[in-house]
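In: Okay, predicted coordinates and the sequence, questions at the end:
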Amino acid sequence: MPDSALVDRIRAVLGGSEWVGEGSRKAWARLRHEGVCAAPRRVLRLMREHGLLAPSRRGLPPWPRSHEGTIVTDRPDQMRAIDATGCLTGEGNATIFVLIDHCTGECLGIHAARRGPRFEALEPVRQAVRRVFGGFAEGIAGRELQLRHDHGSQSDSHAFQEEIAFLGIRSSPSFVRSPEGNGCAERFIRTLKEQLLWLRRFDTVAELRDALHDFARRFNETWILQRHRYLTLSQVRQRFLEQDRLVA
């Protein structure tokens with residue numbers, strides 16, 4: 001395929017995606033899904049030459065890295081991450097809580113509230129427990145699931161720690177001054193800001209909450225990651241479920 005025709009296909013792929021700022025690797029993957037074969041380096045070169053790459057910023061960490069391992073798990077439901085961010089609405093500032101699986105990258109719980117105390121922080125945890133384990137009961141998580149969190153007042157509170165212990169979830173606080181320890185949740189929040197919070201204005205917290213739930217559904221069903229060989233996050237979980245059935 002000539003370069004000019006391939007550039008047209010790249011533009012079509014980028015324009016047809018519901019996500020903004022996707023790079024050359026995802027463009028290459030989506031082209032392959034449509035039956036267009038092109039080398040990744042060629043796609044990168046053409047996107048660079050035609051100004052189709054998203055702006056990026058590079059910099060060095062302010063201090064030496066104290067975390068040298070990986071936080072991605074081998075299977076779903078071994079570790080999840082919870083974190084919070086904020087959003088300005090017509091009713092004032094709102095707090096957003098998210099819960100992410102470290103293996104699949106899925107958003108298993110998301111919630112927004114006018115204020116963000118410990119009781120609101122537990123809402124995405126409850127959503128994820130009901131979604132994956134099918135209920136809400138003592139020890140339902142099986143005592144093997146860990147919850148990664150920072151040292152915020154909500155997650156360190158007695159009410160928060162007591163409820164996750166009741167559900168059979170083990171607390172896994174991230175290392176001090178090592179934000180990469182909670183990197184799965186941090187990365188999702190960045191995507192949430194780039195794809196939704198910075199693009200729309202919300203008049204009410206209820207409107208924001210509805211948009212967050214819709215975003216989480218679309219994210220799980222259509223977002224693709226290189227480490228999953230560009231499968232959607234829901235497809236990754238389904239593959240693990242199918243493997244478990246074959247083993248059983």
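Out: It's in. Residues are numbered from 1 along each chain as shown.
In: ranges for the helices of the protein?
Out: For the chain, the helices identified by DSSP state H occupy 3-16, 24-33, 40-49, 118-121, 123-133, 153-156, 158-167, 183-192, 205-222, 233-247, in order along the chain.
In: So what's the gap between the last one and the chain middle?
Out: Meaning helix 233-247. Taking C-alpha atoms, centre = their mean, to the nearest Å, one finds the center of helix 233-247 at 19 Å from the center of the full chain.
In: Quick check: end-to-end length of stretch 181-201?
Out: Distances were taken as C-alpha to C-alpha, to the nearest Å; on that basis the terminal residues of stretch 181-201 are 31 Å apart.
In: just for the chain, where's the confidence low?
Out: Judged by pLDDT under 70, the chain has its weakly predicted residues at 56-69, 176-180, 248.
In: Adding mean neighbour count and distance to Gly139, write the helices of the chain out as a markdown table.
Out: The way it works is simple: take the backbone N, C-alpha and C, and place the C-beta from them, glycine included. Below are the helices of the chain laid out as a markdown table (neighbours: other C-beta atoms under 10 Å; distance: least, C-beta to C-beta, whole Å):
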| stretch | mean neighbour count | distance to Gly139 |
| --- | --- | --- |
| helix 3-16 | 14 | 46 |
| helix 24-33 | 19 | 40 |
| helix 40-49 | 16 | 46 |
| helix 118-121 | 19 | 21 |
| helix 123-133 | 19 | 10 |
| helix 153-156 | 17 | 20 |
| helix 158-167 | 16 | 7 |
| helix 183-192 | 19 | 24 |
| helix 205-222 | 17 | 26 |
| helix 233-247 | 13 | 20 |
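In: So which of these is nearest Leu147?
Out: The closest of the helices of the chain to Leu147 is helix 158-167. By C-beta to C-beta, the value is 5.6 Å.
In: Can you tell me which helices and strands that closest one packs against?
Out: Helices and strands touching helix 158-167, as assessed by 3 or more C-beta pairs under 8 Å, 6 or more residues apart in numbering; DSSP states H and E, comprise helix 118-121, helix 123-133, strand 169-173.
In: Adding distance to Glu18, write these out as JSON lines.
Out: Putting these into JSON lines (distance: least, C-beta to C-beta, whole Å) gives the following:
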{"stretch": "helix 118-121", "distance to Glu18": "29"}
{"stretch": "helix 123-133", "distance to Glu18": "23"}
{"stretch": "strand 169-173", "distance to Glu18": "33"}
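In: what about these, which gets the closest to Gln78?
Out: Distances from Gln78 to each of those were compared using C-beta to C-beta; the minimum, 10.4 Å, belongs to strand 169-173.
In: contact partners of the closest one?
Out: Outside of strand 169-173, the residues within contact range by C-beta atoms under 8 Å, 6 or more residues apart in numbering are 79, 125, 141, 143-151, 155-156, 161, 164-165.
In: still on that earlier bit, nearest to Phe175, of the helices of the chain?
Out: Among the helices of the chain, the nearest to Phe175 by C-beta to C-beta is helix 183-192 (11.6 Å).
In: ok, the residue lying closest to Ser174 once chain neighbours are set aside - contacts?
Out: Once flanking residues are discounted, Ser174 sits nearest to Gly181: 3.3 Å by C-beta to C-beta, 6 or more residues apart in numbering. Shown here is Gly181, whose contacts under the criterion C-beta under 8 Å, 6+ apart are His67, Ile71, Arg148, Ser174, Phe175.
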